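Asker: Give me coordinates for this.
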Amino acid sequence: MALTPKQRAFVVAVMGGASNKDAAIAAGYAASSASVAGSRLAKHPEVMSALGQSGINKIVNAPAKSKSATAGTEAATTEQAIAGFDLAKVLQHGDPRDFLLAVMNDFQSDAKLRVDAAKALMPYVHGKVADKGKKEQRQDNAEKTNGGRFGLRKPGHLKAVK
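Answerer: I've put the predicted structure just below:
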C-alpha cells in the first residue's frame with residue numbers, strides 16, 4: 001500500500017530534521033494530538049521504510065535554520081515531495097500525452113499517481129465503444145429470432161425452364 005499524503009508530508013518533515021511532533025503538525029495533524037500521531041506514524045511500517053530509503057539518521061536532528069532564509073525553498077521542496085513529481089521534468093514535455101506516458105512509466109513515482117496517469121491516458125489510446133441505438137438493437141434481435149426452425153427462410157433460386 002502506498003503512503004497517504006499526510007504520511008508523505010510527515011516523512012518529508014522528518015527528513016528535514018523536525019521532531020515527530022513537529023513533523024505531525026507540519027503534516028496537518030492537530031497540535032493537541034500531534035505527539036501521539038507523530039509517535040504512531042514513526043512506528044508505521046511504510047513510513048519506516050520510506051525513512052529507511054532516504055538514508056537519514058533519525059536520532060540526530062538537523063541544526064536550526066533561520067525561518068526567513070529557507071522558507072521559500074522549503075515550501076517548494078515540500079510541495080514537490082507531496083505532489084510526487086519534479087516540476088522540471090513536467091516542463092520538458094510539450095504534449096500532455098507524453099507527460100502522462102512518462103508518469104505512467106516512472107517506477108519511482110507513487111503507484112496511485114501512476115494508475116491515475118494511466119486512467120487519464122486511456123482516451124488517447126483506446127476509443128470508447130458507443131452503445132447501439134434503438135433501431136440497431138431491434139434489427140439485431142430480429143436477425144437472431146429469424147434463424148430458428150420456423151423463421152423466415154431465404155427464397156430458393158428460381159430457374160426458367162425451357
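Asker: Low-confidence regions, the chain specifically.
Answerer: Applying pLDDT under 70 to the chain flags residues 1, 54-90.
Asker: and the residue nearest in space to the middle of the chain, what element?
Answerer: Closest residue to the average C-alpha location of the chain: residue 113 at 2.2 Å, with C-alpha atoms, centre = their mean. Element membership for residue 113, per DSSP states H and E: helix 111-125.
Asker: you'd agree the residue nearest to the centre of the chain is up against residue 103?
Answerer: Yes. With contacts counted by C-beta atoms under 8 Å, residue 113 reaches residue 103, the gap being 6.5 Å. C-beta coordinates here come from the backbone N, C-alpha and C atoms, glycine included.
Asker: For residue 48, give me its contacts.
Answerer: By C-beta atoms under 8 Å, 6 or more residues apart in numbering, the contact set of residue 48 is residue 42.
Asker: what's the helix holding residue 113 packed up against?
Answerer: Packed against helix 111-125, as judged by 3 or more C-beta pairs under 8 Å, 6 or more residues apart in numbering; DSSP states H and E, are the following elements: helix 96-105.
Asker: For the helix it packs on, list every residue counted as buried.
Answerer: 99-104 (16 or more other C-beta atoms under 10 Å).
Asker: Distance to residue 45 added to those residues, as TSV?
Answerer: Listed next are the buried residues of helix 96-105 as TSV, based on distance: C-beta to C-beta, whole Å:
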residue	distance to residue 45
99	32
100	31
101	32
102	30
103	26
104	27
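Asker: what's the closest of the residues you listed to residue 32?
Answerer: Within the buried residues of helix 96-105, proximity to residue 32 (C-beta to C-beta) peaks at residue 103, which comes in at 37.8 Å.
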